[in-house]
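1. Using only what follows, build the 3D model:
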Amino acid sequence: MDSSAVVMANVKPLMGKPKGMVEINGRPMIEYVLDAIPPEVSDIMIAVNEESVDDYGEVCDKYMARPLPTPADNTDVAQQLRKPLNDAQGGNLLVLPCDAPLMSLSITTFLLEVSRKFTAAIPRLAGQPEFIPASYQVKPLIETMEAYPELGMYELVKKMRNILYINAQSLRAFDSKLRFMQRVNSKGDIKRVSEVLRTTSEPL
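-> The predicted structure follows:
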């Protein structure tokens, strides 16, 4: 079954640059996320702010991805996902953040495989659902959005059937320290992630 992936880069800049383009160990951090996309994904999108499309041009070319202008991240996740869902060329959509450079192939493969059997595979950490990263069946989510256009993501998924919420303990089987959830929001985060990437090629 064909699948799509979208890396959400429609976020506020960091250190004066588009966030995904901030370098860690000489590479834009978004490249580490793109490296973690399963090879069976046939369609890769990078969701960006309109003004950042050109900044991601070389990365899009390198990974055969396409830029997708979308609303900024101060909107609800449901609104952020509308365009990627409607533009997806596969039956499943893997959604990843651009600022999680310790994302691993084992995690993304697991999420994608789960969403082939369930309408969504949503991590639940500290009791709360994490809608990004996650994986969704495209058609059921679009249909639910159209039926309840006023709802945000938290309430929207409650209207869907056959969702699998994945607890942290299950995810530790792939990433013992849950480093895939580490988001880069400061220079201190960059330093910590940089050290992990230097010491291991598989940051788990």
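2. pLDDT weak spots in the chain?
-> 1, 73, 201-204 (pLDDT under 70).
3. What's the biggest strand in it, counting residues?
-> strand 41-48 (DSSP state E).
4. Alpha carbons only: can I get it in CSV?
-> Provided in CSV are the C-alpha atoms of strand 41-48 (Å, rounded to 0.1, in the frame of the first residue of the first chain):
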residue,chain,number,x,y,z
VAL,A,41,6.9,5.8,1.8
SER,A,42,6.4,6.9,-1.8
ASP,A,43,5.4,10.5,-1.2
ILE,A,44,7.2,13.0,1.1
MET,A,45,5.9,16.5,1.8
ILE,A,46,7.5,19.2,3.9
ALA,A,47,4.9,21.5,5.4
VAL,A,48,6.3,25.0,5.5
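5. Note down every partner strand of that strand and its orientation.
-> strand 3-8 (parallel), strand 66-69 (parallel) (DSSP bridges).
6. Name the residues that touch the helix or strand following the shortest one?
-> So the one you mean is strand 66-69. For strand 66-69, the succeeding helix or strand toward the C-terminus, using DSSP states H and E, is helix 77-87. For helix 77-87, the external contacting residues (C-beta atoms under 8 Å, 6 or more residues apart in numbering) are 4, 6, 8, 10, 45, 47, 68-71, 73, 93, 95, 131-132, 136, 138, 141-142, 145, 151-153, 156. In short, each C-beta sits where N, CA and C put it, glycine included.
7. Filter those residues down to just the buried residues.
-> With burial judged by 16 or more other C-beta atoms under 10 Å, the buried subset of the contacts of helix 77-87 is 4, 6, 8, 10, 45, 47, 68, 70-71, 73, 93, 95, 131-132, 136, 138, 141-142, 145, 151, 153, 156.
8. and the longest strand of the chain with helix 77-87, angle?
-> Put simply, strand 41-48 runs at 130 degrees to helix 77-87, going by axes from the mean of the first three to the mean of the last three C-alpha atoms, to 10 degrees.
9. Show me which residues of strand 41-48 are buried.
-> Quick answer for strand 41-48 (16+ other C-beta under 10 Å): 41, 43-48.
10. do stretch 166-183 as well
-> Buried, per 16+ other C-beta under 10 Å, within stretch 166-183: 166, 171, 174-175, 178-183.
11. any chance of those residues in a markdown table, with secondary structure too?
-> Formatted as a markdown table, those follow (DSSP: H, G, I helix; E, B strand; the rest coil):
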| residue | secondary structure |
| --- | --- |
| Ile166 | strand |
| Leu171 | helix |
| Phe174 | coil |
| Asp175 | coil |
| Leu178 | coil |
| Arg179 | helix |
| Phe180 | helix |
| Met181 | helix |
| Gln182 | coil |
| Arg183 | coil |
